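In: my questions are about this predicted structure, shown below with the sequence.
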Amino acid sequence: MKITVDEEKCCGAGQCVLIAPEVFDQRDEDGIVVLLDAEPAAEHHGLVRESASVCPAAAIHLDEA
Amino acid sequence: MSIPEHVLVVGASAAGLTTAEALRRKGFGGRLTLLGAEDAAPYDRPPLSKQVLSGAWEPTRAQLRTADALDALDAEFLLGDPAVALDAGRRSVRTAFGAAVTADAVVVATGLRPRELPGQDGLRGVHVVRTVADALALRSDLLGAGRVVVVGDGVLGAETAATARSMGPAVYLVGPQPAPMTGQLGPLAAGHLADLHRRNGVALRTGVLLDALLSRDGAVTGVRLSDGEELPADVVVAAVGCSPATDWLADSGLVLDDGVVCDARCRAAEGVWAVGDVARWHHRGLGRLLRLENRTNATEQALAVAGDIMGEDRPYVPVPYFWTDQYDVKVQVFGLLSAESRAEVVAGDPAEGRFVVRHEGPRGPVGVLGWRMPKQTRLHRASIVDHYTRPLENAAP
C-alpha cells in the first residue's frame, strides 16, 4: 500500500489522526495532514482505509497495487 | 438479522457513497445499487460555497472519487433519476422515470433540500447553493454583480458572503442572530466572526429577517428587511437553511419528523436505514434524537450503517464535528455548543487571532471550538468524548 495526500484539499479535520495516529499527523500551524509513513505495514492497512474513507475532504489516496 | 444479498442506497452523495464503500470494505460481496437524483458522479459539497464558487477549483476537482475508484466498487449507479416512492415493507423504490428496484436492505441517503425565500420562484438573480449547478449559476451572476445580499447567517450564508466578497462586489450579510453563526459558535467566537467579516468589507445586518424580495421585470433588484431598511442588489443568495429531503417518503410507512426517525443503530424500519443529513437517530450518549447537517457526520454515520448492515450491532454515538473556512480563518467545532454553556479560553489568545474555547455544560465539557488552531483543537477534543459516548444513565451526577 502506498499513500498520497492532497494538502490543498485537506481541510485539517484531523479525522485521520484520530483513526490512525501512527500513520497521520497534523501540522501545528494550520492542521494540514502530515504523512508519517507513506508505505505502512500491513497491520495498519485497515485503519488507513478507514481514514481515507471518512476523510471529509477526500484528500487521502491509496494505491494498493 | 442475516446479511442481505442486495443493498440499495438511495442517494449518491457523501453519505450514500461512503456507505457503499464501507460495505465493500467490511466484506459485503452481494449486489450493490446506488440511486442518484443528480446526473453527475458523486461530488463533495463543502467546496461549493468556497473553491467552486470562487473559481479556484474546476468543478471536477470536487468529485469524491476517481472513475477508477467508482468502478472498483462494483456497484450499479443509476444517476439522474430521483427516487419518488419507497414501500418500506417490501423494500422497493420507484424512480421518476418509472424504474423499480427491490432489495433486501434499503439505505435512505437523500440529504437536504434548500429552503427558498418567499417570492423567489422564477425570479432572476436569486440563488440557492446546494448543487454544483447552483454554485456555477451563482458564480456566473456574481462575476458581473455590483451588489450582493446574502440572506441567512448560518455556515452557508457566512461562507458564501466571504467568497462573494473576494470576487469583488459589495456584500451584505443579513440574518436574525446577533452575529453570524451565533447558534453554532457561541457568542464569543461569533463576535470574532462578525469582526472578521467587517474587516473584509462585508456589511452586516444583524437581528433582522427578510421582509420581501424587491424585483422589476422578473429580476431581483434588492431586499426589504423586517426593520424597513431596503438594500439594493443585483444578486440575492438564499441561505436560510434546508429541509430533509423526505417528501418522496410520504407514503413509505417510515416515521418522518424533521428527517427519517431512526433508532440508535440508524434503523428506520426492518431492513431500512437512514444516513447523513436526512437521518434523525437516537443518540444514546445524549439520550435524544439528533440530526446533524455536516460533512463529517455523513461519512461517520455511513460507517456505522454499513457496520450494522453487516451485523456489527453497535449504536452510533459520534462526537459531532464541523468546520468552516472563511477568508484566512478555519473554525472547528467538536461537540454541540449551546447558549447556556460556559465558554472558557483554554489555548491561544483571542486578541492574537488564534485560540481554543471549551464550553462547559452542567455535566462537564460539552464542546471545543478552535479558531485557527486545528491541531490544538483536536487535542482538546478528548475532554468532551465522555459526554457523547457514555450512556446517560451511567453519567456522574
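Out: Arrived safely. Fair warning: this is a prediction, and the values are worked out from it, not measured in the lab.
In: right, and chain A sits closest to which residue of chain B?
Out: residue B:374 (2.3 Å; C-beta to the nearest C-beta). From N, CA and C alone the C-beta is placed, and that goes for glycine too.
In: what's the local residue count around that residue?
Out: 26 (other C-beta atoms under 10 Å in any protein chain shown).
In: check what pLDDT the closest residue in space to it that isn't next to it in sequence gets.
Out: Of all residues not flanking residue B:374 in the chain, residue A:31 sits nearest, at 2.3 Å (C-beta to C-beta, 6 or more residues apart in numbering or on different chains). pLDDT, residue A:31: 91.
In: do you know how far the residue of chain B closest to chain A is from residue B:309?
Out: Here residue B:374 is placed at a distance of 33 Å from residue B:309 (C-beta to C-beta, to the nearest Å).
In: find me the pLDDT at the residue of chain B closest to chain A, would you?
Out: On pLDDT, residue B:374 comes in at 93.
In: for it, what are its contacts?
Out: A:12-14, A:26, A:30-31, B:330, B:332 (C-beta atoms under 8 Å, 6 or more residues apart in numbering or on different chains).
In: quick check: residue B:296 vs residue B:277, distance?
Out: Residue B:296 is 12 Å from residue B:277, by C-beta to C-beta.
In: quick one: contacts for residue B:15?
Out: Shown in contact with residue B:15 (C-beta under 8 Å, 6+ apart): B:109, B:111, B:275-277, B:298-299, B:301-302.
In: change it to 7 Å
Out: B:109, B:275-276, B:298, B:301-302 (C-beta atoms under 7 Å, 6 or more residues apart in numbering or on different chains).
In: what does chain B put close to chain A?
Out: Residues of chain B lying close to chain A by C-beta under 7 Å from any C-beta of the partner chain are B:18, B:21-22, B:25, B:44, B:64, B:295-296, B:299-300, B:303, B:321, B:323, B:330, B:374-375, B:378.
In: which ones among these map onto helices?
Out: B:18, B:21-22, B:25, B:295-296, B:299-300, B:303, B:374-375, B:378 (DSSP state H).
In: can you list the residues you listed in CSV and add distance to residue B:362?
Out: Shown next, in CSV, are these (distance: C-beta to C-beta, whole Å):
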residue, distance to residue B:362
B:18, 35
B:21, 39
B:22, 36
B:25, 40
B:295, 30
B:296, 26
B:299, 31
B:300, 26
B:303, 31
B:374, 28
B:375, 29
B:378, 25
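In: buried ones only from these, please, as a PyMOL command.
Out: This is how PyMOL selects the buried members of those, with burial counted by 16 or more other C-beta atoms under 10 Å in any protein chain shown:
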select buried, chain B and resi 18+21+22+25+295+296+299+300+303+374+375+378
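In: between the ones in helices among the residues of chain B next to chain A, which sits nearest residue B:140?
Out: residue B:295 (25.2 Å; C-beta to C-beta).
In: quick check: pLDDT value at the closest one.
Out: Note on residue B:295: pLDDT of 95.
In: the longest helix seen in chain B: what's the following helix or strand?
Out: Secondary structure of chain B read by DSSP H shows that its longest helix is helix B:182-199. Per DSSP states H and E, helix B:182-199 leads on to strand B:203-206 as the next helix or strand towards the C-terminus.
In: alpha carbons only: can I get the very next helix or strand once past that following strand in CSV?
Out: Per DSSP H and E, the first helix or strand lying C-terminal to strand B:203-206 is strand B:210-216. Presented in CSV, the C-alpha positions along strand B:210-216 are these (Å, rounded to 0.1, in the frame of the first residue of the first chain):
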residue,chain,number,x,y,z
LEU,B,210,-36.2,39.3,5.2
ASP,B,211,-39.5,41.1,4.7
ALA,B,212,-39.6,40.8,0.9
LEU,B,213,-37.7,40.4,-2.2
LEU,B,214,-37.9,43.5,-4.5
SER,B,215,-38.0,43.0,-8.2
ARG,B,216,-38.6,44.6,-11.6
